[in-house]
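[1] Structure here, sequence nowhere to be found:
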């Protein structure tokens, strides 16, 4: 009986093996090839602007008292300027979204304080590194740390990565921090509970959570950690968890010309004193340069200037987005109520003496008097253009141009455009081109011109700059009005 049972089992086993042998093997799962747009430096130059995907944070791109700042932003602005390109920033909060936008051709450079990794190299091409940093552990200092000697603090915080065994560390989703923590677990021979936060939570938000006590540990690049330590003095960022790693920008794999040009530029830039000045401004002398607790950091307080409430009130009366009016004020005076131009214009909205007098201004340096008079002048311009320029969005551009150079010169440019068969109601690429031509004799002496010579380049740049600032404010300052 026992022998019969064993024979039966063998037959069943042979049957299973034979059946499996006859089955067709499963075809290997093919990895879907990612679409990569073909758009290199030649097309970027022809277009006239370069788009960079960044996040609103303390090292990449932020506003401070109305001014656009950031370590990576300043470097990229220099690159764009040296190549006669306008720099356009696309604020992208999710790193995965930023990768997708880059490869789809919606942006040209990814500047995200990115650590160079093999995994990322499968999707994107990294430039020459612009910084070398370690990953560090971000943890809270012990209670009462202000009265402690630094050596005592060292004894009470984690200094040996081995002590992370069985601890929970939160990291940014889809980041090199997750890979590093997993590798560290293997190296120290114990488990670290590594948890990726949601896709829309960035490193700086995790650092804030450590500072507030919501979580105990996170990991950050040392440069980001040092900057945030000036915001949150109760955090410790001295424990390294990696060797120095390369921080670089990224481009599409097929953008060879852009890649080569960026590599050469970065290598040259790192040898210049300007690079070290910029680096020191953000990472070594930060506390003397900026107030980290200021409400005018967009990722902290969400304000643009000390005059936001006045600007909002006036913008409501003008039926403008208040951030557009704020952009105009910044362009005019950089929010300095005592600013005086070479032509004698004064105050926040740079009122000329005759304009100030016409609107009853007794003290042009008084913020409310100045802004209120500027509003009245803008309303007057609105009435001039309301019938001639039918599209409201286009009309604003004509109002801005008139605010800068006077409505007469703008009306001349319209007349020249109409003479050439154009509508005279489109600013970009049409009327602005004829304002530029008013500096040439054949145009400013044309019979349709009433106001003569005009150096139109200043006004053309003025309108574009105000809109560039406005676009920045829209991305970084939510409109809650």
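    Alright, I've got the coordinates. Please read these numbers as outputs of a predicted model, since none were measured by experiment.

[2] Give me the domain ranges for this protein.
    Split into domains by automatic domain parsing, the chain comes to 41-129+247-289, 135-243, 308-476.

[3] Distance from the chain centre to the first one, please.
    Using Cα atoms, centre = their mean, to the nearest Å, the mean C-alpha position of domain 41-129+247-289 is found 9 Å from that of the whole chain.

[4] picking up where we left off before, could you dump the domains of the chain to TSV with mean pLDDT?
    Converted to TSV, the domains of the chain look like this (pLDDT from 0 to 100):
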stretch	mean pLDDT
domain 41-129+247-289	90
domain 135-243	92
domain 308-476	93
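
[5] Mind putting those into JSON lines with mean neighbour count and distance to residue 35?
    Yep, even glycine has a C-beta here, placed from its N, CA and C like the rest. Formatted as JSON lines, the domains of the chain follow (neighbours: other Cβ atoms under 10 Å; distance: least, Cβ to Cβ, whole Å):
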{"stretch": "domain 41-129+247-289", "mean neighbour count": "18", "distance to residue 35": "7"}
{"stretch": "domain 135-243", "mean neighbour count": "17", "distance to residue 35": "19"}
{"stretch": "domain 308-476", "mean neighbour count": "18", "distance to residue 35": "26"}
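
[6] surely residue 206 meets residue 171?
    Yes - assessed by Cβ atoms under 8 Å, residue 206 is found in contact with residue 171 at 7.4 Å.

[7] list residues touching both of these two?
    Counting by Cβ atoms under 8 Å, 6 or more residues apart in numbering, the contacts common to residue 206 and residue 171 are 197, 218.

[8] Tell me which residues touch residue 117, please.
    Residue 117 makes contact with 176, 179, according to Cβ under 8 Å, 6+ apart.

[9] separation between it and residue 348?
    48 Å (Cβ to Cβ, to the nearest Å).

[10] what do you get for residue 36?
    Residue 36 is 47 Å from residue 348, where distance means Cβ to Cβ.

[11] now swap in residue 148 and tell me
    In terms of Cβ to Cβ, residue 148 sits 47 Å off from residue 348.

[12] Tell me where the protein has strands.
    Ranges of strands in the chain, per DSSP state E, are 49-54, 62-64, 67-69, 86-91, 109-115, 125-126, 131-133, 135-140, 168-171, 193-196, 217-221, 235-240, 245-251.

[13] which one of those strands lies closest to residue 160?
    Smallest distance to residue 160 across those (Cβ to Cβ): 8.1 Å, for strand 235-240.

[14] Can you add distance to residue 479 and give the strands of the chain back as JSON lines?
    Putting the strands of the chain into JSON lines (distance: least, Cβ to Cβ, whole Å) gives the following:
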{"stretch": "strand 49-54", "distance to residue 479": "20"}
{"stretch": "strand 62-64", "distance to residue 479": "14"}
{"stretch": "strand 67-69", "distance to residue 479": "18"}
{"stretch": "strand 86-91", "distance to residue 479": "14"}
{"stretch": "strand 109-115", "distance to residue 479": "25"}
{"stretch": "strand 125-126", "distance to residue 479": "36"}
{"stretch": "strand 131-133", "distance to residue 479": "34"}
{"stretch": "strand 135-140", "distance to residue 479": "32"}
{"stretch": "strand 168-171", "distance to residue 479": "31"}
{"stretch": "strand 193-196", "distance to residue 479": "31"}
{"stretch": "strand 217-221", "distance to residue 479": "30"}
{"stretch": "strand 235-240", "distance to residue 479": "32"}
{"stretch": "strand 245-251", "distance to residue 479": "30"}
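
[15] Quick one: closest of these to residue 315.
    With Cβ to Cβ as the criterion, residue 315 lies closest to strand 62-64 of these, at 17.7 Å.

[16] Looking at strand pairing, list the partners for residue 218.
    Per DSSP bridges, the residues bridged to residue 218 are residue 138, residue 170.

[17] Was I right to think it contacts residue 170?
    Yes - using Cβ under 8 Å, residue 218 is in contact with residue 170, at 5.1 Å.
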